[in-house]
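1. Model the structure of this input:
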Amino acid sequence: MPGGRLTQQERQQIASGLADDLAYAEIARRLDRPTSTITREVMRNGGPTAYRADLAHRATERRTHQRRQAAPRGPQAPPQTHGRDAEAVREYEETLTIVFMQSGLPKMMARVLVCLYTTDAGSLTASELVQRLQVSPASISKAITFLESQGLARRERDERRRERYVIDDDVWYQATIASARSLAQVVETSRQGVSILGPDTPAGARLENIARFVDFVSEGTLRAAEQAREVLHTKVTTPSGDAAEPSSDLG
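-> Residues are numbered from 1 along each chain as shown. Have a look, this model is predicted:
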């Protein structure tokens, strides 16, 4: 599988593939590239409907030039540990940001969440996020407020009384629970519509179907989240002289 940056010819093939309504995975297969490379390339250069090979190539050259100029200062580039490849980490962060955006997160919220996910400490201060992302403190504050509301991050004070933004190991459990519970409002409001529009009318029947479907999915999601958390938080202990037995630690 070839490595390195995409060539202009490859970008032209991407544009042709998009014009033919090919999936990213099929374009990637034809170019012998990872699907994530094609996804990242398209999403950061206008999306599938606005992608142009020549503009994408020039934009990449411009970004590369800007990064080289900024390299001596590099305020937004955290030092890499554990022998990590800085360029590979940066590209992975871009890919994960795009994935989060495709799942519905606004861009700034996705960028902040990626920073928290990819730092070993699992927490950063506002000033650290400002430095890494090169944005204003107000942008960070707005993003954190949103992530908190979705159960994706929380705030705490460290020993120096600085506010730190934290993601926990069970962040997706918390977010899933919050999402499932928010669907209860959809169910309740839909059933209000049934009583107003009439259960024997087409509109009322439609709303009842919505309520029943969402209620079923919500309950199933809650059960699955609880079961997954119990399994994933189960630790195996080995008492002296005995066989290993599972012990549940749900914190």
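2. Give me the neighbour count for the closest residue to Thr37 other than its chain neighbours.
-> Closest residue to Thr37 apart from its sequence neighbours, by CB to CB, 6 or more residues apart in numbering: Ala28 at 6.8 Å. For the C-beta atoms, the positions are set from N, CA and C on the backbone; glycine is no exception. Using other CB atoms under 10 Å, Ala28 has 21 neighbouring residues.
3. quick one: terminal-to-terminal distance for stretch 157-171?
-> Using CA to CA, to the nearest Å, one end of stretch 157-171 lies 19 Å from the other.
4. let's have the chain start at 30 instead
-> In the new count, where the first residue is 30, that last one comes out as stretch 186-200.
5. Now do the buried residues in it.
-> 193-194, 196, 199-200 (16 or more other CB atoms under 10 Å).
6. what do you get for stretch 58-75?
-> Those would be 60, 62, 65-74, for stretch 58-75 by 16+ other CB under 10 Å.
7. still on that earlier bit, tell me which two of the buried residues of stretch 186-200 sit farthest apart.
-> Arg193 and Asp199 (17.9 Å; CB to CB).
8. Please convert the buried residues of stretch 58-75 to JSON lines, extending it with pLDDT.
-> Formatted as JSON lines, the buried residues of stretch 58-75 follow (pLDDT from 0 to 100):
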{"residue": "Leu60", "pLDDT": "93"}
{"residue": "Arg62", "pLDDT": "90"}
{"residue": "Ser65", "pLDDT": "83"}
{"residue": "Thr66", "pLDDT": "87"}
{"residue": "Ile67", "pLDDT": "90"}
{"residue": "Thr68", "pLDDT": "87"}
{"residue": "Arg69", "pLDDT": "83"}
{"residue": "Glu70", "pLDDT": "88"}
{"residue": "Val71", "pLDDT": "89"}
{"residue": "Met72", "pLDDT": "83"}
{"residue": "Arg73", "pLDDT": "81"}
{"residue": "Asn74", "pLDDT": "86"}
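9. Just the closest of these to Leu162, please.
-> Arg73 (15.4 Å).
10. Verify the assumption that Ala254 is located in a strand.
-> No. Checked against DSSP: H, G, I helix; E, B strand; the rest coil, Ala254 lies outside a strand; its state is helix.
11. any idea how far it is from Val260?
-> Taking CB to CB, to the nearest Å as the measure, Ala254 falls 11 Å from Val260.
12. who's more crowded, these two?
-> Ala254 (19 against 10).
13. Now for the residue nearest to that one when sequence neighbours are not counted, how many residues are close by?
-> Spatial nearest neighbour of Ala254, excluding adjacent residues (CB to CB, 6+ apart): Thr205 at 4.5 Å. Number of residues near Thr205 (other CB under 10 Å) recorded here: 19.
14. Could you measure from Thr205 over to Gly180?
-> Counting by CB to CB - Thr205 and Gly180 are separated by 8 Å.
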